[in-house]
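Colleague: Quick check, what structure comes out for this input:
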Amino acid sequence: MLSAYSPNLTLIERLWKFVKKQCLYAKYSRDFASFSTAIERCLQDTHTIHAKALNSLSSLNFAIFQKAQW
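Modeller: Predicted coordinates:
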């Protein structure tokens, strides 16, 4: 049974985690315009520069666990 909130199963959550890691972590934005530009630039590069990394994040291969028999 899944929890009510399963961010690893939601593709948009995976994309947002990737964007934060690529363009926001350890980077300073002097204002909101540069902050939003960095996010937009990263999203525009999803089909080119980041395509290989995002393909691995968007796979639907999940581990399925059977209920333990006691």
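Colleague: any low-confidence regions in the protein?
Modeller: By pLDDT under 70, the low-scoring segments of the chain are 1-9, 58-65, 68, 70.
Colleague: The closest residue to Leu24 other than its chain neighbours sits in which helix or strand?
Modeller: The shortest distance from Leu24 to any non-neighbouring residue, by CB to CB, 6 or more residues apart in numbering, is to Ala38 (6.9 Å). (C-beta placed from N, C-alpha, C; glycine too.) Element membership of Ala38 [criterion: DSSP states H and E] is helix 32-44.
Colleague: for that helix, which positions count as buried?
Modeller: Ala38, Ile39, Cys42 (16 or more other CB atoms under 10 Å).
Colleague: Who are the contact partners of the last one?
Modeller: Contacts for Cys42 were tallied using CB atoms under 8 Å, 6 or more residues apart in numbering; they are Val19, Gln22, Cys23, His50.
Colleague: and what of the first one?
Modeller: With contact set as CB under 8 Å, 6+ apart, Ala38 has these partners: Cys23, Leu24, Lys27, Ser29.
Colleague: Considering the residues you listed, which possesses the most neighbours?
Modeller: Cys23 (18 neighbours; other CB atoms under 10 Å).
Colleague: before we move on, back to that, following the helix holding Ala38 in sequence, what is the next regular element?
Modeller: Proceeding N to C from helix 32-44, the next assigned helix or strand is helix 51-57, under DSSP H and E.
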